[in-house]
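Chemist: Pasting the sequence and the predicted model now:
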Amino acid sequence: MVLVSGDAYVDHPAFGVPLLGRVLEAAGFRVGIVAQPDWRDPSLTDFRACGRPRLFFGVSSGNMDSMVNHYTAHRRRRSDDAYTPGGEAGRRPDRATTVYANRCRAAFPDVPVVVGGVEASLRRLAHYDYWDDRVRRSLLMDAKEADLLVFGFGERPLVCIARHLAAGGALRDLRELPGIAFRVSGSALQAFLDSHPFAARGVVRLPSFEDISHDKSKYAEFSRLYHLEHNPDNARLLVQPHGDQAVVANPPGAPPTTQELDAAHELPFTRRPHPRYAGACIPAWEQIRFSLTVVRGCPAGCSFCCITEHQGRDLASRSQASVLREIEALRDVPGWTGVVSDLGGPTANLWGMGCDSEEAHRVCRRASCLFPTRCPRFRVDHGPLVQLMKATRGADGVKRVFVASGVRYDAVYEDRAHGAEYLRELVTHHVGGHLKIAPEHVNEGVLKAMRKPGPELFERFLADFQRISREAGREQYLVPYFISSHPGCGLAEMRELADFLKRHRWKPQQVQDFTPTPMTLATDMYWTGVHPNTGKPLPVARTDAEKRAQREMLGPLDPPPRRRIAPPPRSKRTPMEPGAEAPGHASAIESGAPAPPRTTRRVKAPRRGRRS
């Protein structure tokens, strides 16, 4: 098969398409990867470079949604791309998954096309699109040449699809696979549902695309219904009419097992960009080249975060032995200096945790395991994580192991047995001068809309961090992230945050504006003006002037908007196969990949007796 991606080719397990290529290769398949193909070329040279795929095309926009990659929160075109050599912008199209899928079909009309990755996961149903400022159809309806959409982690479904097609099967016979979505004609829908095995769990008939496009109250109802169906153990079949067709989304797939995760991350990655790039800097790779992903998924369910929509709420953790073997393999990677830049994942301190009751999990429909209070069935134990951290920093050839992923501090204080031990280990040995933390706000109402813990826990964490840092003789700082213009936040709420920062003598140099990404609960609040779960109205900053007024309270504004510049001319590129010379590339139907750095800069905690 041929995998097509919007990222440069970096053969690293944090980049989705190379990871999938390695997994498929290990399963016995030959895989070609087309990195950042020239979609403007009428001859479709890049899409034909590997020849006709024997099984299928697999298409992804890359490790990020292409619209988030291209545009700021104020809909201004970005001048760079962290997943491209030299940070060059313009090497992938807007709505890249749709464009690539249609080009693949044009290149080889008889070859099946499977789409996936974060862009596809977030757009598998009708959704509000911030950049068009309207409700758009499911990606399956725009990418008409796509035969199947894979959402969530892609390793297991793609291997299943490949084996089925290699045995002579057809894609239409795979519609019982978890974690996929597809189109069905309206006339055949009822007969299809009558024979579908997941229909035994129940069928949720969502409001149609046409209804939610014209009625925000119906959109809010659609959001409420959809966000109940994230648990692989009990999620029901989702059906959403689009004109004379319907999009059907099966329940999500179960997360990978520890054994599957270990095997995938220990495949023979070179951890380098392909040599074709001649040593050009790829910013996203530079950031994570010596990082280790030890956990996937996130049970927190923050309303503005798309991780749950893509990776799911259930955690999947690697074994300690596997992590140590990966560190041992780093010694053979050029440029290794003995420093692990990150030991983490979506959340740094939830490794090895999860629901302690299979029976309770089978019936659970909670959106968050930690908010508004921790579920009593969610096991919080930092003891094994402390042992992992000690083992990694004690491994041969290792000088330092840093934690750069965010820390969920409410989970730390829920752990009465080992929370304090974890915090001391973290602050004393794993902070590289500053530690990322994401309180996001301090107003109780806004935090409730965000599904984040209250400000008192953040202040407690700040005090403990400063105390342990002093005891360890280290000068190090917190990097708190705050969001302005989140639904539920008005000028009064921002004034409360500004007063909090002033009280602590902090001054952020930049502020992160809320960016509505498809299918998140906060985006649905932004579009409808109400909380979908309660129907209660929320203040929403919609205009640039309203957003700027909130940002001005916390720090200086961005420089004036740049003039839009046409993308640079493209040169022809030749696709490659994993395992050839030096594979590498980025994107995927799986994601555990790094996002570009957020725009909030660190703010120093003041020294005692001094103003910062």
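Modeler: The structure has been received and is ready for your questions.
Chemist: How are the strands of the stretch 51-200 of the chain distributed by residue range?
Modeler: Using DSSP state E, counting those that start in this stretch, the strands assigned to the stretch 51-200 of the chain run over residues 57-59, 113-115, 127-129, 134-136, 148-150, 180-185.
Chemist: Just say helix, strand or coil for Pro241.
Modeler: Judged by DSSP: H, G, I helix; E, B strand; the rest coil, the three-state class of Pro241 is strand.
Chemist: Who does it form a beta bridge with?
Modeler: When bridges are assigned using DSSP bridges, the partners listed for Pro241 are Ala246.
Chemist: Could you double-check that it sits in contact with Gly186?
Modeler: Yes - proximity of Pro241 to Gly186 meets the contact threshold set by C-beta atoms under 8 Å, at 6.8 Å. C-beta coordinates here come from the backbone N, C-alpha and C atoms, glycine included.
Chemist: The two: which is more packed in?
Modeler: Of the pair Pro241 and Gly186, Pro241 is the one with more neighbours under other C-beta atoms under 10 Å, namely 18 against 12.
Chemist: quick one: contacts for that one?
Modeler: Contact criterion C-beta atoms under 8 Å, 6 or more residues apart in numbering gives 186, 208-210 as the residues in contact with Pro241.
Chemist: Now do stretch 533-546: distance from first to last residue.
Modeler: 25 Å (C-alpha to C-alpha, to the nearest Å).
Chemist: Gln512: neighbour count?
Modeler: 20.
Chemist: That one and Val363, how far apart?
Modeler: To Val363, Gln512 is 37 Å away according to C-beta to C-beta, to the nearest Å.
Chemist: Next: His531.
Modeler: When C-beta to C-beta is applied, the distance between His531 and Val363 equals 24 Å.
Chemist: Compare the two (neighbour count), which wins?
Modeler: The residue with the greater number of neighbours, taking His531 and Val363 and applying other C-beta under 10 Å, is His531; the counts read 22 against 10.
Chemist: How about the contacts made by the more buried one?
Modeler: By C-beta under 8 Å, 6+ apart, the residues touching His531 are 449, 488, 525, 538.
Chemist: which of the residues you listed tops the neighbour count?
Modeler: Ranked by neighbours (other C-beta under 10 Å), the contacts of His531 are led by Met525, which has 25 neighbours.
Chemist: give the contact list for the nearest residue in space to Asp129 that is not next to it in sequence.
Modeler: With C-beta to C-beta, 6 or more residues apart in numbering as the criterion, Asp129 has its nearest non-adjacent residue at 4.4 Å, and that residue is Arg136. Shown here is Arg136, whose contacts under the criterion C-beta under 8 Å, 6+ apart are 123, 126-129, 142.
Chemist: cool, and Phe371?
Modeler: 300-301, 451-453.
Chemist: any idea how far it is from Glu359?
Modeler: According to C-beta to C-beta, Phe371 and Glu359 sit 23 Å apart.
Chemist: Could you single out the nearest of the contacts of His531 to Arg103?
Modeler: Using C-beta to C-beta, the shortest approach to Arg103 within those belongs to Met525, at 35.6 Å.
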